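Peer 1: Okay, predicted coordinates and the sequence, questions at the end:
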Amino acid sequence: MRSTGLKRFAFTLVLSGFCSAALAQYVWLDEKGVKQYSDMPPPASVPNSRMLKSPGAMPQTAPAAATDSDEKSADTATSKAPPTLADKNADFQKRRAEQAEKDKLAADKAKQDASKKKNCEQVSNYQRALQSGQRITRLSPTGERIFLTDEERAATVRENQRTLSDCK
């Protein structure tokens with residue numbers, strides 16, 4: 001009975017050796033620096049320096065002897081690594097700050113536009129009053145009411161017209 005268990009163990013060991021050979025994987029970097037996985041060997045155009053793993057060979061963490069184009073491909077491959085959580089968080093905070101700045105600028109612009117509209121409306125109303133011919137008063141530095149003269153009225157009308165030209 002003991003010999004049967006040993007035979008089974010030996011048979012399982014041999015069978016697992018065949019299965020692992022059938023599941024052989026090749027890993028290499030293509031010309032764009034992207035990792036390629038296959039159970040078939042890479043094309044002959046792929047240099048050995050770009051082979052990361054092949055069956056029966058020790059896996060390489062980086063190409064051993066790299067040429068200039070291989071270094072660019074390797075740099076491209078490492079620069080395309082997925083961003084870490086800290087990188088994602090930093091990007092999110094940056095976008096959030098930029099959006100807050102845009103919102104603030106938009107709110108300031110809206111406030112300025114509303115203020116300009118209100119001022120233009122006031123100047124327009126004053127211009128109508130000046131052109132209607134009714135008597136307009138202003139206060140003197142001592143607090144007395146003084147009626148506008150024809151020259152003051154004409155100067156105020158010209159000034160209001162300049163202001164109204166900016167409103168359009």
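Peer 2: Done, it's in. Note that the structure is predicted; figures quoted are calculated from it, not measured.
Peer 1: mind checking the SS state of the spatially most central residue of the chain?
Peer 2: Compute the mean C-alpha point of the chain, and by C-alpha atoms, centre = their mean the closest residue is Arg95, 6.3 Å away. Secondary structure, DSSP: H, G, I helix; E, B strand; the rest coil: Arg95 is helix.
Peer 1: roughly how far apart are it and Asp108?
Peer 2: 20 Å (C-beta to C-beta, to the nearest Å). The way it works is simple: take the backbone N, C-alpha and C, and place the C-beta from them, glycine included.
Peer 1: now do Glu144
Peer 2: 41 Å.
Peer 1: now Ser49
Peer 2: The value you get for Ser49 to Asp108, if C-beta to C-beta is used, is 57 Å.
Peer 1: So between the two, which is more surrounded?
Peer 2: Set Ser49 next to Asp108 and count neighbours by other C-beta atoms under 10 Å: Ser49 wins out with 17 against 10.
Peer 1: any idea whether that one is helix, strand or coil?
Peer 2: Judged by three-state DSSP, the three-state class of Ser49 is helix.
Peer 1: Just say helix, strand or coil for Thr156.
Peer 2: Using three-state DSSP, the structure places Thr156 in helix.
Peer 1: does it really touch Arg138, like I thought?
Peer 2: No - here Thr156 does not reach Arg138: they are 9.5 Å apart, not a contact under C-beta atoms under 8 Å.
Peer 1: So for the two, which residue has more residues nearby?
Peer 2: More crowded of Thr156 and Arg138, by other C-beta under 10 Å: Thr156, with 16 against 11.
Peer 1: residues contacting that one?
Peer 2: Counting by C-beta atoms under 8 Å, 6 or more residues apart in numbering, Thr156 makes contact with Tyr126, Leu130, Leu148.
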